[in-house]
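Participant: Quick one, what's the 3D model for this:
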Amino acid sequence: MNALAGLPDFSALVSSEVATAFAPFSGGSYAVVPQRAMLATDSNGNPDVLLELFQQMGDFTASGSHAVLDLTVGWDFPLDAALAEVRANVAGGTVQPLSIHSGFARLYPTSTQVAPAADLLTPVPLGWLSPDGARWTPRLSADAGELIKGSLAGGSLLLGVRVEFDAAGVAQRTPVSVQFDPVALLNALLAGKASRSMAVADVLAVFTQSTGLPLKTSGTATPDFAQAMTDRVVATFASLTAAPGLSDPSTVAFVDASALTPGTIAWDLSQPALAYRQWVLELDATSELRAAVAKNGLDFFVKEVTAPPLEAGVYSIDVTANLPPNRNGVPAIGANIELAANPPFRPASSSVQVVLAEPSDRGSAVVHLSPDEPFGYGVRSFALLVIPGTLPVELDAPAARPCSDAWVTLTADDFLVTFAHVTAADRLLALATVTIALQYTYGGRATLQQFTLTSANPSVSVGIPRDATSASLQLSAQPSDGGAPLALAAMQPGRINVDLPLFREYGPHTIDVSADFSSSGGTLVLELQSEGQSADPTATPDLLMLTAAQPSSTWGYVAASPFHPGYRYRRSATPPTPASAWSPVLSPFQPLLLDADGTMSASASASTSAPIPLAASS
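Facilitator: Okay, the predicted model is just below:
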């Protein structure tokens, strides 16, 4: 299977004032870019925000007195607006949220009345990224925590959140080949830079000028050359990093020169290649948060935690992980805090296990060191995974990561487990249940696991061994009214949001309607209505007139449910001739071919007469 198949094609953009989407490469759904960032909410509609003010009695250092902000950034994907744009050009096209790869967030003041603490403005990587939100858990100083608390309570400090993120896709293509030495090219790109970081816009500007660069090119120069090179250079030699300042554009950090191997690289820019594109969004949540505080009280969003004092040589290590919620088949996950032997005070090595539990995925370990011993330890992640048909498997990281801070943040990449995180939209679950079949091969054994999403359980995260092979997800939706299920094409496990626009049966449809007047003239007036309207006796049908001079036209409608996407028609009454009977429900994926009297032509009847099994979504 092509590793790039289904990724957004960055050379095929669909854009309007209300939505931006990229066509899929080699089949799949269009990827819709989030229009704005917002605060995610919990099941009760309250902002998903918690500020913890922590104080270790007697310890007023940064580790003993600090704050933790736990906030979930949500995304606004204009799926229906994008679907309308796509369907205007691609019949049966489907859309889904853009899959975000990595990102950073930082707070910023939206007024100049109060000078915030410096660490309040420090960018921190986003946690688990999915279409339904990204968890963000910066650790702050006690002063910064008090400023946020005061802001929530109605103080003069007004805060916003700036989010920088990127997404994987397929690079711009152009009929040019290049040869270059990566060391020489990156040295030219970064000439005059104090660090190996650079705004992506500046990288694009360099390749737009392209004079004086150590590049050998051949082929037909096009305006797409600069973007094609920027896409590939960033994907190959750089990664997203936090922009230097609040007003700076998306920035990437290039690999160290020592990691580059001198020699010539050849790229054919006409061929598809992996790329990453970057975006910046901002949200000002102060008014929304203050309204929630007025409703629920400040204590609902702010918790003060006081811990007893620690003896000399005793340290508390806090461990937090940004992992997907609603994990299934992962009964235990966390980290082992490892201390090397330190004779004669500690003749043998020791280990303390921290198990992380939802929803906070936080825990702590208390370790004892000798009074003169420098503070340091190793952290090794572990996950206990239940694989059907076998005993539980414990997957431990091969080596411990050295740490010297009292705070450890783990990400999904630190574990030898990958997650398939599937979330179904509320509006879909109001109509159907979603069934998930996960397959993979591990240790030579094929595994099948099945899950069902409902309104009461709208999401699931399933752990998969990182070295499993042939992993795939098959999703289908079973309507609550007993109708036929709709299946989606097999997907690779990842962060998947299942919503109505992912089904080609949902949304706008355009029907080509034509009549054969070759054997007789006249006029044919049709009444048409969607399947949803047909259940409403008060609904007024649309009228469409065909004549010998204009025997064809188009008619459009919107299917509010993918499980009832069809339409019906009849010949309108033309006194003294009454209206004909309504047709059976017809497929939105076939043209309507009629004879002059309004009956379906013989060739059309063979393919469009009811009941018609609608094709499965792809």
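Participant: domains of the chain?
Facilitator: According to automatic domain parsing, the chain comprises the domains 1-170+276-309, 172-271, 329-405, 418-502, 507-608.
Participant: tell me the mean pLDDT over the first one?
Facilitator: So the one you mean is domain 1-170+276-309. For domain 1-170+276-309, mean pLDDT is 91.
Participant: Strands of the stretch 101-250 of the chain, residue ranges please.
Facilitator: Secondary structure of the stretch 101-250 of the chain by DSSP state E, counting those that start in this stretch: the strands cover 124-125, 129-130, 133-136, 139-141, 159-170, 176-180, 197-199, 216-219, 238-241.
Participant: quick one on the thing from earlier: of the domains of the chain, which is nearest S316?
Facilitator: Counting by C-beta to C-beta, S316 lies closest to domain 329-405 out of the domains of the chain; the figure is 5.5 Å. No exception for glycine: its C-beta is placed from N, CA and C like everyone else's.
Participant: Using JSON lines, lay out the domains of the chain together with distance to V319 and mean neighbour count.
Facilitator: Converted to JSON lines, the domains of the chain look like this (distance: least, C-beta to C-beta, whole Å; neighbours: other C-beta atoms under 10 Å):
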{"stretch": "domain 1-170+276-309", "distance to V319": "12", "mean neighbour count": "18"}
{"stretch": "domain 172-271", "distance to V319": "23", "mean neighbour count": "16"}
{"stretch": "domain 329-405", "distance to V319": "5", "mean neighbour count": "15"}
{"stretch": "domain 418-502", "distance to V319": "19", "mean neighbour count": "18"}
{"stretch": "domain 507-608", "distance to V319": "43", "mean neighbour count": "16"}
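Participant: quick one, which of those domains is nearest to Y315?
Facilitator: domain 329-405 (5.4 Å).
Participant: Could you give the average pLDDT over the closest one?
Facilitator: 91.
Participant: Also stretch 449-459?
Facilitator: 96.
Participant: Make 19 the starting number, not 1.
Facilitator: In the new count, where the first residue is 19, that last one comes out as stretch 467-477.
Participant: so what does the longest helix seen in the chain touch, helix or strand wise?
Facilitator: Secondary structure of the chain read by DSSP state H shows that its longest helix is helix 243-255. Helix 243-255 is packed against strand 194-198, helix 200-207, helix 218-227, strand 292-302, with contacts defined by 3 or more C-beta pairs under 8 Å, 6 or more residues apart in numbering; DSSP states H and E.
Participant: what is the mean pLDDT for that helix?
Facilitator: On average, helix 243-255 scores 97.
Participant: So for R484, which of the helices and strands packed on helix 243-255 sits nearest?
Facilitator: strand 292-302 (19.6 Å).
Participant: which residues make contact with that closest one from outside it?
Facilitator: With contact meaning C-beta atoms under 8 Å, 6 or more residues apart in numbering, strand 292-302 is reached by 21-22, 25, 28, 51-52, 54-57, 91, 119, 126, 128, 176-190, 218, 249-250, 252-253, 258, 261, 267-268, 270.
Participant: Then stretch 406-417?
Facilitator: Under C-beta under 8 Å, 6+ apart, the answer for stretch 406-417 is 349, 354, 398-405, 432-435, 461, 463, 465-467, 483-484.
Participant: Report the inter-axis angle for the longest helix of the chain versus helix 218-227.
Facilitator: On the basis of axes from the mean of the first three to the mean of the last three C-alpha atoms, to 10 degrees, helix 243-255 is oriented at 130 degrees to helix 218-227.
Participant: all strands for the stretch 419-568 of the chain, in order.
Facilitator: Counting by DSSP E, counting those that start in this stretch, the strands of the stretch 419-568 of the chain are 419-421, 425-429, 435-442, 450-460, 463-471, 477-483, 487-497, 504-505, 513-516, 525-534, 541-548, 560-565.
Participant: now the ones you listed as CSV including distance to V67?
Facilitator: Output for the strands of the stretch 419-568 of the chain, formatted as CSV (distance: least, C-beta to C-beta, whole Å):
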stretch, distance to V67
strand 419-421, 28
strand 425-429, 18
strand 435-442, 20
strand 450-460, 29
strand 463-471, 26
strand 477-483, 20
strand 487-497, 32
strand 504-505, 37
strand 513-516, 22
strand 525-534, 34
strand 541-548, 42
strand 560-565, 47
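Participant: for the ones you listed, which one sits closest to S382?
Facilitator: Of all the strands of the stretch 419-568 of the chain, it is strand 425-429 that lies closest to S382, at 9.9 Å by C-beta to C-beta.
Participant: what comes up buried for the closest one?
Facilitator: V426, T427, L428, T429 (16 or more other C-beta atoms under 10 Å).
Participant: Quick check: phi and psi at the nearest residue to P365 once chain neighbours are set aside.
Facilitator: Nearest non-adjacent residue to P365, counting by C-beta to C-beta, 6 or more residues apart in numbering: A359, 6.1 Å away. Backbone torsions of A359, given as degrees, to the nearest 10, read phi -60, psi 140.
Participant: quick check, R308 in a helix?
Facilitator: Yes: assessed by DSSP: H, G, I helix; E, B strand; the rest coil, R308 belongs to a helix.
Participant: For it, which non-adjacent residue is closest in space?
Facilitator: G172 (6.0 Å).
Participant: Hmm, S305 and the one you found touching each other?
Facilitator: No: with contact defined as C-beta atoms under 8 Å, G172 does not count as touching S305 (10.6 Å).
Participant: How much space separates E300 from L125?
Facilitator: 11 Å (C-beta to C-beta, to the nearest Å).
Participant: ugh, wrong one, I meant D274
Facilitator: Relative to L125, D274 is positioned 30 Å away (C-beta to C-beta).
Participant: next one: A109
Facilitator: 45 Å.
Participant: ok, now T59?
Facilitator: 19 Å.
Participant: just A442 next, same as before
Facilitator: With distances taken as C-beta to C-beta, A442 is found 32 Å from L125.
Participant: ok, now G92?
Facilitator: Distance, G92 to L125, by C-beta to C-beta: 16 Å.
Participant: With A160 instead?
Facilitator: Taken as C-beta to C-beta, the span from A160 to L125 is 16 Å.
Participant: now swap in A223 and tell me
Facilitator: In terms of C-beta to C-beta, A223 sits 30 Å off from L125.
Participant: Ok, V36 next?
Facilitator: In terms of C-beta to C-beta, V36 sits 29 Å off from L125.
Participant: for A350, same thing?
Facilitator: 34 Å.
Participant: How about R484?
Facilitator: Counting by C-beta to C-beta - R484 and L125 are separated by 34 Å.
Participant: cool, and I482?
Facilitator: 35 Å.
Participant: go on, S334?
Facilitator: Taking C-beta to C-beta, one finds S334 at 26 Å from L125.
Participant: now swap in C421 and tell me
Facilitator: 25 Å.
Participant: what do you get for F319?
Facilitator: 15 Å.
Participant: what do you get for G145?
Facilitator: From G145 to L125 the distance is 16 Å (C-beta to C-beta).
Participant: Would you state the helices of the chain in chain order?
Facilitator: Using DSSP H, helices in the chain cover 97-105, 160-170, 200-207, 218-227, 243-255, 304-314, 444-447, 549-552, 620-626.
Participant: Turn those helices into CSV, including distance to L233.
Facilitator: Shown next, in CSV, are the helices of the chain (distance: least, C-beta to C-beta, whole Å):
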stretch, distance to L233
helix 97-105, 37
helix 160-170, 46
helix 200-207, 7
helix 218-227, 9
helix 243-255, 8
helix 304-314, 48
helix 444-447, 49
helix 549-552, 57
helix 620-626, 55
